[in-house]
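>>> I'll drop the sequence and a predicted model, then ask my questions.
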Amino acid sequence: MNLKGRDFLTLRDFTTEEITALLDLAADLKKKKQEQIPHRLCEGKNVALIFEKTSTRTRCAFEVAANDLGMGSTYLGPTGSQIGVKESIPDTARVLSQMFDAIEYRGFGQSIVEELAEYADVPVYNGLTDEFHPTQILADMLTIREHFGKLAGIHLVYMGDARFNMGRSLMIGCAKLGLNFTACAPENYFPDAALTAECQKIAAETGASIVFSSDPKTAVQDADVIYTDIWVSMGEPEEIWEERIRLMKPFQVNKELMACAKDTCIFMHCLPSYHDHNTKIGKEVGEKYGLDALEVTDDVFEGPQSVVFEEAGNRMHTIKAVMAATL
Ligand code: CP
Ligand code: NVA
């Protein structure tokens, strides 16, 4: 499998075999890391990390992965660089291509990371846009595969806002890898028709299925994985919380819902999560609307079925695989 020089913008651009090869490489690099076997596969290379939105996991995953691979990394945060204010994306792409071997971009529209990739001479990685979060999906799939020993045939139910980056990207990942995907969301919060049709076609080839439901208890009945994400994503206006809570509350992942799924069902979340009042937003919104937790209750988040921290750790191993494979 040769992925050298390839961009990583969405999983749509990769075959089932290529995604599986990335997961295999990630598993191998994870083992090497655990056994302290050096794997400096990209010695002397450098990656630019552009973050127009905040991040803990994705930034740390890229920086630690780069370090383990023998690479340098340069962080360009939401302020402090010329990007967008004094310098266009095409100009930025051509400047950074002179100094770096790869560029990671986290920001708003997918069109921005695509323009960056069009003008850059080096691989460009999508570290999250409004539409897609492909590196997260690799970590999720590695986590599911580690837990169940397989991916094909696993039933993943995504609860909540399925029209944004996580719902859309999970649908693609499930279709590509043969998982049965259910989006359980209020009306108008499902992935758009064009992407859904594209994924249905892929699913027909891989044996996956794609189902949309607005009935949480029925949707999770034979679920192996219940997955959720925050109800208001980065870049969305604060005023939206009121409407979002009204719409999403029936889709909260709580003990009652987990009890409707298989006993062996696991809980996943890309994080960060508002599962208690120990964050500024979790507290403000929770107190304002009289909720102890938002998209997932604390007992589920902290409970035995939750694999959220293994999932977070797998961000690093999978991002490392993407860089090692493309450089
Ligand atoms: N899941 C995820 O992308 O986390 P960060 O926003 O912390 O990078
Ligand atoms: N949907 C979330 C995902 C965070 C990893 C957001 O875009 O903020």
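That came through, no problem. Ligands and ions are numbered 1, 2, ... in the order given.

>>> Write out the residues of the stretch 51-200 of the chain neighbouring ligand 1.
For the stretch 51-200 of the chain, the residues in contact with ligand 1 (C-beta under 6 Å from any ligand atom) are 55-58, 128, 136. Heads up, the C-betas are built off the backbone N, CA and C, glycines and all.

>>> The spatially closest residue to E87 that is not a sequence neighbour: neighbour count?
Here the nearest residue to E87 in space, its sequence neighbours aside, is V95; by C-beta to C-beta, 6 or more residues apart in numbering that works out to 7.5 Å. For V95, the number of neighbouring residues by other C-beta atoms under 10 Å comes to 16.

>>> burial count for A261?
For A261, the count of nearby residues is 23 (other C-beta under 10 Å).

>>> L170 now?
L170 is surrounded by 29 other residues when neighbours are defined as other C-beta under 10 Å.

>>> On the three-state scheme, it is what?
In the three-state summary, L170 is assigned as helix, counting by DSSP: H, G, I helix; E, B strand; the rest coil.

>>> where does it land on pLDDT?
Among the per-residue scores, L170 holds a pLDDT of 98.

>>> Next one: it from D161, what distance?
Relative to D161, L170 is positioned 12 Å away (criterion: C-beta to C-beta, to the nearest Å).

>>> For the stretch 1-150 of the chain, which segments are assigned as helices?
Applying DSSP state H, counting those that start in this stretch to the stretch 1-150 of the chain gives helices spanning 16-34, 57-68, 89-99, 110-119, 134-148.

>>> ok, the most centrally placed residue in the chain - contacts?
Within the chain, the residue whose C-alpha comes closest to the C-alpha centroid is Q136; the distance, by C-alpha atoms, centre = their mean, is 2.6 Å. Taking C-beta atoms under 8 Å, 6 or more residues apart in numbering as the criterion, Q136 is in contact with 58, 128, 166, 169, 270, 315.

>>> Rebuild the residues you listed as TSV, extending it with neighbour count.
Supplementary listing: these in TSV, determined by neighbours: other C-beta atoms under 10 Å:
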residue	neighbour count
T58	25
L128	28
M166	25
S169	29
C270	25
R315	26
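
>>> To L327, which of the helices of the stretch 1-150 of the chain lies closest?
helix 57-68 (10.1 Å; C-beta to C-beta).

>>> Any buried residues in the closest one, and which?
When neighbours are counted by 16 or more other C-beta atoms under 10 Å, the buried residues of helix 57-68 are found to be 57-59, 61-66, 68.

>>> contacting residues around whichever residue of the stretch 151-300 of the chain sits closest to ligand 1?
Nearest residue of the stretch 151-300 of the chain to ligand 1 (C-beta to the nearest ligand atom) works out as C270 at 4.0 Å. When contacts are counted by C-beta under 8 Å, 6+ apart, C270 touches 133, 136, 140, 166, 229, 311.

>>> if you set the cut-off to 10 Å instead, what comes out?
With contact taken as C-beta atoms under 10 Å, 6 or more residues apart in numbering, C270 is in contact with 57-58, 128, 133, 136-137, 139-140, 165-166, 169-170, 227-230, 308, 311-312, 315.

>>> quick one: the strands in the stretch 151-300 of the chain?
155-159, 180-184, 209-213, 225-228, 266-269 (DSSP state E, counting those that start in this stretch).

>>> Dump these to TSV, plus distance to ligand 2.
Rendered in TSV, the data for these read as follows (distance: least, C-beta to the nearest ligand atom, whole Å):
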stretch	distance to ligand 2
strand 155-159	11
strand 180-184	14
strand 209-213	18
strand 225-228	10
strand 266-269	9
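
>>> Turn the ones you listed into TSV, including mean pLDDT.
Formatted as TSV, the strands of the stretch 151-300 of the chain follow (pLDDT from 0 to 100):
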stretch	mean pLDDT
strand 155-159	98
strand 180-184	98
strand 209-213	98
strand 225-228	99
strand 266-269	98
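
>>> what ranges of the protein fall below the confidence cut-off?
Per-residue confidence of the chain (counting by pLDDT under 70) places no residue in a weak region.

>>> Quick check: most distant residue from the centroid of it.
For the chain, the C-alpha lying farthest from the average C-alpha position belongs to K86; by C-alpha atoms, centre = their mean, that distance is 30.0 Å.
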